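Trainee: Following is a predicted model, sequence given first.
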Amino acid sequence: MPHLPPDFHFLRPFWLWALVPAALLLAGLWWQRLRAAGLERICDPGLLPHLLVDHGRRASRLPLALIACAWLLAVTALAGPVWQRQPQQVFRLGSGRVLVLDLSPSMAATDITPSRLARARYEIEDLLRNNREGRTGLVVFAAEPHVVVPLTEDVATIAAMLPALAVEIMPVAGDLAGPALAKAASLLRQAGVKDGDLILVSDGVDDLASCLERAGELRQQGIRLSVLGIGTASGAPVPAPSGRGFVTGPDGAPRLARLDSASLTQLATAGGGRYSPLLADDRDSFALLAGPPSQGRTGGEALEGGVERWQEEGVWLVLPILLLALAGCRRGWLGLALFLFLAAPRPAAAFGWQDLWLRPDQQAAGLLAAGQAKEAVARFQDPAWRAVAQHQAGDYRAAAETGQAAPDARGKYNLGNSLAKAGRLPEAAEAYRQSLQLAPDDGDAQHNLELVQRLLDEQERQQPGHDQDDQGSQDQNQGQGQGQDGDQQEQGQDK
């Protein structure tokens with residue numbers, strides 16, 4: 001006698017309750033037939049043709065049997081019968097990012113409201129919200145570094161720790177970022193992250209030479225350093241640790257803490273990252289999170305051991321359910337269906353079960369929704385959708401080439417995203433402009449165009465010779481340069 005597998009069970013056993021109404025329905029139909037049979041025994045045979053429908057014909061039990069079998073098979077399939085496990089590999093993104101926050105006394109200055117530190121916490125919240133890939137950690141420093149949160153995918157934990165961060169919690173006052181960068185890099189290495197990013201949130205550091213050397217070493221190891229500048233060029237007095245008055249210099253006057261944007265820009269350049277001042281929107285966080293595409297970065301890593309899931313076997317019951325439905329609709333269809341199934345020639349080309357019901361683009365859309373972008377690329381026939389799948393698969397060059405022929409605004413917008421990811425910023429800006437010509441009210445395209453244009457302007461400023469040209473014309477444009485400094489200061493204060 002065959003036995004059920006030892007691990008046989010149902011994933012959704014509550015569906016078995018659907019057998020109760022089926023049993024009641026079949027019992028009611030059977031009771032109706034019994035009543036009709038009893039009427040034949042007690043009524044005059046001459047009246048039966050006027051009282052019973054189909055009198056004289058022998059009632060067939062086949063419809064009831066078909067209904068009962070189909071219902072039983074459908075409920076069993078919905079209940080999810082399983083008895084064996086299927087291993088499934090789990091992947092996670094191999095990227096990592098550590099936020100390094102300055103908690104030196106100057107971060108308590110109030111040249112931007114409510115304070116530099118408060119605005120830095122807001123900016124970190126923006127970075128956490130806009131960064132949805134990889135793992136993130138948090139390190140704070142003053143005279144020495146301290147790990148607040150190691151690398152984790154739970155950014156809510158980091159956000160919950162931010163309100164407690166204050167200048168007063170640091171045991172020793174100072175402004176040494178070099179050891180903090182080393183501590184952040186060690187967190188990446190301990191987590192097995194080969195290529196990572198550090199984002200320094202500061203108004204300036206006292207150990208610039210040490211930080212420049214450290215940034216160069218980290219860059220050679222594949223760790224990129226970007227900097228977010230907090231504060232204004234005009235500065236503000238540094239509050240005293242006691243909370244009363246301000247820190248004074250040798251002359252007795254309050255010591256002003258100014259944003260050292262030049263040193264911070266030099267530090268970001270040495271670390272292979274970007275420098276961004278404090279802005280009034282999310283452009284600063286997007287600029288720091290985007291960065292130039294790095295060569296050789298791994299897209300993800302497989303977790304050791306993976307997971308196992310139960311392999312559902314109820315799908316095999318669909319075919320007999322369909323055959324029973326055919327038999328119940330038309331007399332003789334069951335035999336015809338079996339004959340056609342057995343006599344049909346086997347095609348030489350690859351042919352799957354889904355090809356009977358879904359077009360290739362529909363199958364590819366399902367793969368894309370399931371996160372299998374690479375498999376979706378091979379199935380998409382529509383060029384626009386193929387470009388989307390190539391973009392999600394990380395093949396930005398191929399996505400840009402495929403999306404060149406996009407005729408509509410959304411296609412041009414997607415083309416701009418692929419070109420930007422591929423590092424072709426001028427072409428990306430042109431694609432966004434074409435998208436805006438077709439859809440002038442597209443806020444996403446306008447935002448991305450402004451971001452790309454800002455990155456292009458920053459690249460132009462960082463080109464060799466640009467500073468020399470600016471120096472040569474400094475005397476002639478002195479008044480204009482002062483106006484620009486004033487604008488930058490005003491912008492930093494408005495945020």
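Mentor: Yes, it's here.
Trainee: Counting neighbours, which bits of stretch 275-282 end up buried?
Mentor: 275-279, 282 (16 or more other Cβ atoms under 10 Å). All C-beta atoms are positioned from the backbone trio N, CA, C, and that covers glycine.
Trainee: Just the terminal-to-terminal distance for stretch 397-407.
Mentor: Start-to-end span of stretch 397-407 (Cα to Cα, to the nearest Å) is 19 Å.
Trainee: Just give me how far it sits from the chain centre.
Mentor: Offset of stretch 397-407 from its chain centre (Cα atoms, centre = their mean, to the nearest Å): 22 Å.
Trainee: Kindly report the same for stretch 254-269.
Mentor: Between the centre of stretch 254-269 and the centre of its chain there are 34 Å (Cα atoms, centre = their mean).
Trainee: residues of it that come out buried?
Mentor: Within stretch 254-269, the residues scored as buried using 16+ other Cβ under 10 Å are 255-261, 263-269.
Trainee: what's in contact with that stretch?
Mentor: Contacts to stretch 254-269, defined as Cβ atoms under 8 Å, 6 or more residues apart in numbering, come from residues 106, 109, 111, 200, 202-205, 208, 211-212, 215, 225-227, 229-238, 246-249, 274-275, 277, 462, 492.
Trainee: Same check on stretch 388-407?
Mentor: Contacts for stretch 388-407 (Cβ under 8 Å, 6+ apart): 293, 299, 364, 368, 373-374, 376-377, 380, 383-384, 386-387, 411-412, 414-415, 417-419, 421-422, 424, 427.
Trainee: Now with 6 Å, please.
Mentor: Stretch 388-407 is contacted from outside by 299, 368, 373-374, 376-377, 380, 383-384, 386-387, 412, 414-415, 418-419, 421-422, using Cβ atoms under 6 Å, 6 or more residues apart in numbering.
Trainee: how about TSV for the buried residues of stretch 275-282, with secondary structure added?
Mentor: Converted to TSV, those look like this (DSSP: H, G, I helix; E, B strand; the rest coil):
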residue	secondary structure
Y275	strand
S276	strand
P277	strand
L278	coil
L279	coil
D282	coil
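Trainee: Using CSV, lay out the residues you listed together with distance to T402 and pLDDT.
Mentor: Formatted as CSV, the buried residues of stretch 275-282 follow (distance: Cβ to Cβ, whole Å; pLDDT from 0 to 100):
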residue, distance to T402, pLDDT
Y275, 34, 92
S276, 32, 90
P277, 37, 90
L278, 38, 86
L279, 34, 85
D282, 29, 77
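Trainee: and which of those is nearest to P320?
Mentor: D282 (56.0 Å; Cβ to Cβ).
Trainee: mind listing what that closest one touches?
Mentor: D282 makes contacts with D126, as judged by Cβ under 6 Å, 6+ apart.
Trainee: Same check on V100?
Mentor: V100 is in contact with 139, 180, 184, 198, 200, counting by Cβ under 6 Å, 6+ apart.
Trainee: so what secondary structure elements neighbour the host helix or strand of the fourth one?
Mentor: It stands for L198. Assigned by DSSP states H and E, L198 belongs to strand 196-202. Other elements packing on strand 196-202 under the criterion 3 or more Cβ pairs under 6 Å, 6 or more residues apart in numbering; DSSP states H and E are strand 96-102, strand 223-229.
Trainee: Which residues does that strand contact?
Mentor: Contacts to strand 196-202, defined as Cβ under 6 Å, 6+ apart, come from residues 96-102, 120, 184, 188, 223-228, 288.
Trainee: Excluding sequence neighbours, find me the nearest residue to L16.
Mentor: Take L16 and drop its neighbours on the chain: the residue closest to it by Cβ to Cβ, 6 or more residues apart in numbering is A79, 5.5 Å away.
Trainee: Same check on Q434?
Mentor: K412 (4.6 Å).
Trainee: ok, which stretches of the stretch 201-350 of the chain are strands?
Mentor: Remark: strands assigned in the stretch 201-350 of the chain by DSSP state E, counting those that start in this stretch are 223-229, 236-237, 256-257, 272-277, 301-302, 307-310.
Trainee: model confidence over the first one, on average?
Mentor: Model confidence over strand 223-229, given as mean pLDDT, is 93.
Trainee: That strand relative to strand 196-202, how many degrees between them?
Mentor: For strand 223-229 against strand 196-202, the angle by axes from the mean of the first three to the mean of the last three Cα atoms, to 10 degrees is 20 degrees.
Trainee: ok, and for the helix or strand hosting E427, which residues are buried?
Mentor: Following DSSP H and E, one finds E427 within helix 425-438. Buried residues in helix 425-438, counted by 16+ other Cβ under 10 Å: 425, 427-432, 434-436.
Trainee: which one of these is nearest K194?
Mentor: In terms of Cβ to Cβ, no member of the buried residues of helix 425-438 lies closer to K194 than L425, at 26.2 Å.
Trainee: That closest one contacts R454, doesn't it?
Mentor: No - if you go by Cβ atoms under 6 Å, L425 and R454 don't touch, sitting 10.1 Å apart.
Trainee: overlap in contacts of these two?
Mentor: Counting by Cβ under 6 Å, 6+ apart, nothing touches both L425 and R454.
Trainee: Strands of the stretch 1-150 of the chain, start to end?
Mentor: According to DSSP E, counting those that start in this stretch, the strands that the stretch 1-150 of the chain contains are 9-10, 81-82, 85-88, 91-92, 96-102, 135-141, 145-152.
Trainee: hmm, who's touching the first one?
Mentor: Under the criterion Cβ under 6 Å, 6+ apart, residues 79-81 lie in contact with strand 9-10.
Trainee: Contacts only, for W385.
Mentor: For W385, counting by Cβ under 6 Å, 6+ apart, there are no contacting residues.
Trainee: give me that answer again for 7 Å
Mentor: When contacts are counted by Cβ atoms under 7 Å, 6 or more residues apart in numbering, W385 is found next to 361, 364.
Trainee: three-state assignment of it?
Mentor: Relying on three-state DSSP, one would call W385 helix.
Trainee: Any figure for the gap between it and N414?
Mentor: W385 is 10 Å from N414, where distance means Cβ to Cβ, to the nearest Å.
Trainee: Also L165?
Mentor: 39 Å.
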